[in-house]
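Peer 1: how would this look folded up:
(2 chains)
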Amino acid sequence: MIRTRFAPSPTGELHIGGARTALFSYLFAKNQAGEFLLRIEDTDRERFVEGATERIIESLGWLGIIADNAGKPIVQSERLEKYLAAAKKLLSEDKAYVCTCSKEELEADREAQTNAGLPPKYSGKCRDAHQQISDKPYVIRMKMPQTGNIVVDDLIRGRVEFDAALQDDQIILKSDGFPTYHLASVIDDHEMEISHVIRSEEWLSSTPKHIVLYEMLGWSAPEFAHLSMILGPDHSKLSKRHGATSVIDYKNQGYLPEALVNFMALLGWNPKDDREIFSLDELTSEFKLENVNKSGAIFDIEKLNWMNGAYIKVKSQKLKVKSVSQNSKFLEEWGIEELSAGELELIGRGGFRTLKEAADYITSLRKMPEYDSSLLIFKKSTKPQTLIGLEVTSYKLQETNNWDENNLKEILESVVAEKNLTNGDVFWPVRVALSGAEKSPSPVELLLALGKEESIKRITKAINDLEN
RNA sequence: GGCCCGGUCGUCUAGUGGUCUAGGAUACUUGGUUUUCAUCCAAGAGAUCAUGGGUUCGACUCCCAUCCGGGCUACCA
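Peer 2: Numbering: from 1, shown residues only, chains lettered A, B, ... in the order given. Alright, predicted model coming up:
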């Protein structure tokens, strides 16, 4: 049984990088009918943020990445005795030792080594001192082998070797009784029966320590797959100074979860052909770890914008055939509860990169436009011709009971034909009367979005403005 | 500094020794469509495959070196 996990620290909002790691872990497991679990790594009490766990789960849920244990994730701070017991077992087997070096001492050692041009490494002072646990503050360090190579067979990177002698005697239990990541993740991954550890590249360097820990504990290690990182435009690790980096930021800016998921999946994974648009389900059935890249990828907002626009288009077109109550959620967060079919049509014509842009447009469209009436006259037209166009159109619109696209188009065309006018005498002023803007969707789209009553009201106002 | 990972159009990428004078997408430019803008359609420009050496009849593809970028080097994860 394939079983993967996502193990964030509750130190803030879910990051794009974390979300992508979660996505790949989820896709890998679900592709093989496996389980995807969530584990909260809250062993650092200083960085712990109240409520962060809930917000991470919420962001994940918004993306559609639902862990099989999302209702009750594994929480490390609730499992302290397990880590302590394991550390003591290692201690009794001489695979770990008590270290009483103070932080100041360690800091001084490190500084001296750095100044001497040496790589910083724990001195090993307590390694063979065989100290017992006493009242004195202590930590427990694992005893790394001092010779040989440690091999990591990474599913993405292949075979990577590390010189054991260069590895530090990692602290596995801190003086506050909490485990470090290394111990806790090894124990939990084993107990949760995780078959594949899929995590970010930043963990590759400490994987040898984890492998040694598995051996010491007498367990077989899971498979490892280290994902490349997501980079900012300046090629450094994506971080806050690059602007929006949390999933919730994108939600608030009007990105669709489907678009964000699709975009993140393409950052480092591809289907080996030209397809680019994938739903979460399609991603699940297509995903293969072999198709994941080794190199880091820059988060390119332009491409996300394009993809989000494409999703907005498709989604608004789908909603068009549904009832008003069903589409009430679409732009709800921007204060728009109900969308008419005509408004959805207008959104579906494309051009909006975010939901917020679309909502802002609909909001402004719903207000009676204010504009200089000279704008009503097309550059190749005249005031009298414009007035005729507007008046005849207004009359015909009042007479019709058939407010659909084809009919409206025919009406406008018939005004042009019957009154011997040009498109510029009719289409342009009607459009301006409805939108109040130099640039806008077509008059037919606007008529559809605004409805009969509002459209006639605006055209009437335009006629009055022009006459006075 | 040490160890580790990576390096194909600006960006995401295809490419696993000959089909590559390198394909797709995005962004950009131009043309078409449109009363306008956007959409849409079409076309174009854009990569001496980081650099230098090998190996080979032949290398983007294999090997080495160099350079560049990134990660780790915490009682953070």
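Peer 1: Off-centre distance for stretch A:403-416?
Peer 2: From the chain centre to the centre of stretch A:403-416 is a distance of 44 Å (Cα atoms, centre = their mean, to the nearest Å).
Peer 1: does that stretch come close to RNA strand B?
Peer 2: No - applying Cβ under 7 Å from any atom of the strand, one finds stretch A:403-416 separated from RNA strand B by no less than 8.2 Å. Heads up, the C-betas are built off the backbone N, CA and C, glycines and all.
Peer 1: So for that stretch, mean pLDDT?
Peer 2: What stretch A:403-416 shows for mean pLDDT is 92.
Peer 1: Do me a favour and get the end-to-end distance for stretch A:181-201?
Peer 2: Taking Cα to Cα, to the nearest Å, the first and last residues of stretch A:181-201 lie 15 Å apart.
Peer 1: which SS state does A:Glu13 fall under?
Peer 2: coil (DSSP: H, G, I helix; E, B strand; the rest coil).
Peer 1: ok, which residues in the stretch 1-150 of chain A are in contact with RNA strand B?
Peer 2: A:7-9, A:41, A:43-44, A:47, A:101-103, A:106, A:110, A:117, A:119-121, A:137, A:139.
Peer 1: in the stretch 351-468 of chain A, which segments are predicted with low confidence?
Peer 2: Under the criterion pLDDT under 70, no range of the stretch 351-468 of chain A is flagged.
Peer 1: Contact residues of it facing RNA strand B?
Peer 2: Neighbours of RNA strand B within the stretch 351-468 of chain A, by Cβ under 7 Å from any atom of the strand: A:351, A:378, A:423-424, A:427-428, A:431, A:438-443.
Peer 1: and the closest residue to RNA strand B within the stretch 351-468 of chain A, what does it touch?
Peer 2: RNA strand B sits closest to A:Gly351 of the stretch 351-468 of chain A, with a gap of 2.1 Å, by Cβ to the nearest atom of the strand. Counting by Cβ atoms under 8 Å, 6 or more residues apart in numbering, A:Gly351 makes contact with A:Gly309.
Peer 1: Name the single longest helix found in chain A.
Peer 2: helix A:301-320 (DSSP state H).
Peer 1: quick one: the helices in the stretch 201-350 of chain A?
Peer 2: For the stretch 201-350 of chain A, the helices defined by DSSP state H, counting those that start in this stretch occupy A:207-217, A:247-252, A:257-265, A:280-286, A:301-320, A:341-348.
Peer 1: lowest average confidence, helix or strand, in chain A?
Peer 2: helix A:103-115 (a mean of 89; mean pLDDT, DSSP states H and E).
Peer 1: quick one on the thing from earlier: A:Asn293: which of the residues of the stretch 351-468 of chain A next to RNA strand B is nearest?
Peer 2: Closest to A:Asn293 out of those is A:Gly351 (32.0 Å), distances taken as Cβ to Cβ.
Peer 1: Next one: that closest one relative to A:Ile312, how far apart?
Peer 2: Separation of A:Gly351 from A:Ile312 (Cβ to Cβ, to the nearest Å) stands at 9 Å.
Peer 1: that older thread, following the chain onward from the least confident helix or strand of chain A, which element is next?
Peer 2: Sequence-wise, the next helix or strand beyond helix A:103-115 is strand A:139-142, with elements assigned using DSSP states H and E.
Peer 1: so how far is that following strand off the chain centroid?
Peer 2: 37 Å.
Peer 1: do stretch A:201-215 as well
Peer 2: 27 Å.
Peer 1: separation between A:Thr100 and A:Ser325?
Peer 2: Taken as Cβ to Cβ, the span from A:Thr100 to A:Ser325 is 67 Å.
Peer 1: more neighbours, the two?
Peer 2: A:Thr100 (16 against 9; other Cβ atoms under 10 Å).
Peer 1: Apart from its neighbours in sequence, what residue is nearest the more buried one?
Peer 2: Closest residue to A:Thr100 in three dimensions, ignoring its sequence neighbours and counting by Cβ to Cβ, 6 or more residues apart in numbering: A:Tyr138, at 5.0 Å.
Peer 1: what residues are up against the one you found?
Peer 2: A:98-100, A:131, A:175.
Peer 1: Closest one of these to RNA strand B?
Peer 2: In terms of Cβ to the nearest atom of the strand, no member of the contacts of A:Tyr138 lies closer to RNA strand B than A:Ser175, at 3.3 Å.
Peer 1: Does A:Glu35 touch A:Ala29 like I think?
Peer 2: Yes - using Cβ atoms under 8 Å, A:Glu35 makes contact with A:Ala29 at a distance of 5.9 Å.
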